[in-house]
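A.B. asks: Below are the sequence and a predicted model for it; my questions follow.
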Amino acid sequence: MPGGRLTQQERQQIASGLADGLAYAEIARGLDRPTSTITREVMRNGGPTAYRADLAHRATERRAHRRRPTASRGAESPPQAHGRDAGAVREYEEALTTVFIQSGTPKMMARVMACLCVSDAGSLTASELVQRLQVSPASISKAVAFLETQGLVRRERDDRRRERYVIDADVWYQSMIASARAIARIVETARQGVGVLGPGTPAAVRMENIARFLDFVSESTARAADQARAILHTGPGTASDDTI
């Protein structure tokens, strides 16, 4: 039934739809399911090219089995503000985590990012993350340290002197700038290779093409980030006045 767990037959239909090249929305309509359910199911189980119905079904059963002892200890979803549906928020957080993982973020780091993103404050303490994700403090510490190196999380102290991990619009800006700088370093190194390999040689031409392409990407990324920050980081009312 729509809203319940996917059955093995439904997973087989998903696999058939993927093999036929159907879009997630089309598969969802055929199963009378939300598109987000199909997207999450596929991305959680190998992606569109590696999805296998039987493997996905067994993996889901294993995950459900692992969750039961945790649930019995009271690891439930935190109370939801603004009348939100706790189950829907939990499912969305899992979907967001999956997207982060698919983009190359390690699993625990992706879970921390998603948890911070869906929190209204945009910040949580280590103990709050431990409670919400049901993992060890060491796991949180390692994940935050990694996210800091990527410019995706920053630390600050609250009025109780507790360290909080923050993910907000400025963090995303800093991450984009850090990415542009990293690409710029690749550009510099690629151009050094031109001299080493000999100008005009096939290898040197390849390195020069790499440098030119990435140089354009780096400059465009930094410029776009600056423009977005200038336009979007305005106070309430400013943006609406500009659009009149």
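C.D. replies: Arrived safely.
A.B. asks: Correct me if wrong: residue 147 contacts residue 113.
C.D. replies: Yes: the criterion here is Cβ atoms under 8 Å, and residue 147 meets it with residue 113 at 6.6 Å. All C-beta spots, glycine's among them, are computed from the backbone N, C-alpha and C.
A.B. asks: Now for these two: what residues contact both?
C.D. replies: Common contacts of residue 147 and residue 113 (Cβ atoms under 8 Å, 6 or more residues apart in numbering): residue 153.
A.B. asks: These two: which is more packed in?
C.D. replies: Under the neighbour definition other Cβ atoms under 10 Å, residue 147 and residue 113 were set side by side, and residue 147 has more, 24 against 21.
A.B. asks: And that one, its phi and psi?
C.D. replies: phi -60, psi -30 (degrees, to the nearest 10).
A.B. asks: ok, now how distant is it from residue 181?
C.D. replies: 17 Å (Cβ to Cβ, to the nearest Å).
A.B. asks: again with residue 122
C.D. replies: 24 Å.
A.B. asks: With residue 106 instead?
C.D. replies: Taking Cβ to Cβ as the criterion, residue 106 is separated from residue 181 by 22 Å.
A.B. asks: what's near enough to touch the most centrally placed residue in the chain?
C.D. replies: If you average the C-alpha coordinates of the chain and look for the closest C-alpha using Cα atoms, centre = their mean, you land on residue 100, 2.2 Å from that point. Neighbour list for residue 100: 109, 110, 113, 114 [criterion: Cβ under 8 Å, 6+ apart].
A.B. asks: Read off the pLDDT value for the closest residue to the third one other than its chain neighbours.
C.D. replies: If I follow you right, that is residue 113. Spatial nearest neighbour of residue 113, chain neighbours left out: residue 100 (5.5 Å); criterion: Cβ to Cβ, 6 or more residues apart in numbering. With respect to pLDDT, residue 100 scores 86.
A.B. asks: just residue 234 next, same as before
C.D. replies: Residue 234 is assigned a pLDDT of 58 by the prediction.
A.B. asks: now do the one 4 residues further on
C.D. replies: Per-residue confidence for residue 238 comes out at a pLDDT of 43.
A.B. asks: Next: residue 71.
C.D. replies: Reading off the per-residue confidence, residue 71 sits at a pLDDT of 41.
A.B. asks: just for this protein, where's the confidence low?
C.D. replies: Screening the chain residue by residue with the criterion pLDDT under 70, one finds the ranges 1-3, 63-80, 233-244.
A.B. asks: Identify each of the helices in it and give its residue range.
C.D. replies: Secondary structure of the chain (DSSP state H): helices located at 8-19, 24-31, 35-44, 53-72, 86-102, 107-118, 126-133, 137-149, 169-197, 202-232, 238-242.
A.B. asks: got the contact list for the third one?
C.D. replies: I take that to be helix 35-44. If you take Cβ under 8 Å, 6+ apart as the criterion, helix 35-44 is touched by 6, 11, 14, 18, 24-25, 27-28, 31, 48, 51, 56, 59, 91-92, 94-95, 98-99, 102.
A.B. asks: So for residue 150, what's the nearest residue that isn't a sequence neighbour?
C.D. replies: With Cβ to Cβ, 6+ apart as the criterion, residue 150 has its nearest non-adjacent residue at 6.2 Å, and that residue is residue 175.
A.B. asks: Tell me who's in contact with that neighbour.
C.D. replies: Remark: with contacts taken as Cβ under 8 Å, 6+ apart, residue 175 is in contact with 150, 151, 152.
A.B. asks: Could you report the separation of the nearest residue to the last one once chain neighbours are set aside from residue 167?
C.D. replies: Same thing as residue 152. The shortest distance from residue 152 to any residue other than its chain neighbours is 5.0 Å, reached at residue 175 (Cβ to Cβ, 6+ apart). Residue 175 sits 10 Å away from residue 167 when distances are taken as Cβ to Cβ.
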